[in-house]
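Novice: Compute the structure for the input listed below.
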Amino acid sequence: QVQLVESGGGLVQAGGSLRLSCAASGRTFRRYGMGWFRQAPGKEREFVATISPSGAITYYADSVKGRFTISRDNDKNTVYLQMNSLKSEDTGVYFCATSAVVGAVPRGREGEFDAWGQGTQVTVSS
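Specialist: Numbers count the residues shown, from 1 in each chain. This next block holds a predicted model:
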């Protein structure tokens, strides 16, 4: 059974930075693409970034390009989201997810993922 545990969320001022982590277990981590999504209050969950199994390919939502960086450490079974130049509109619960298909490079559709973490809260004050 796959388990994903996010950490690193918190309260930060606009312009600040946070680094989220997602520790995975229960699956051969290095064989699966990973993704980060977020859900703002009163809104639907949205794609933030995805990364291929090797880490060589990444995709980002336009709203975070140039500010966020997704990366992974396959030896530590962990995926990261470095968030810089944070804005109030980045506030929300951030979820990590693992791709449903071995070797696939997810593009950011929720149907590509079959396991989700519980989420970590990120609050950006203006």
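
Novice: can you give me the strands for the protein?
Specialist: 3-7, 10-13, 18-25, 34-39, 46-51, 58-60, 68-73, 78-83, 92-99, 113-116, 120-125 (DSSP state E).

Novice: what's the second one packed up against?
Specialist: For strand 10-13, the contact count by 3 or more Cβ pairs under 8 Å, 6 or more residues apart in numbering; DSSP states H and E identifies strand 120-125 as packing neighbours. Using the backbone N, CA and C atoms, a C-beta is placed for each residue, glycine as well.

Novice: Equivalent analysis for the fifth one, please.
Specialist: With contacts defined as 3+ Cβ pairs under 8 Å, 6+ apart, strand 46-51 has these neighbours: strand 34-39, strand 58-60, strand 68-73, strand 78-83.

Novice: mind checking which of those strands is nearest residue 103?
Specialist: strand 34-39 (12.8 Å; Cβ to Cβ).
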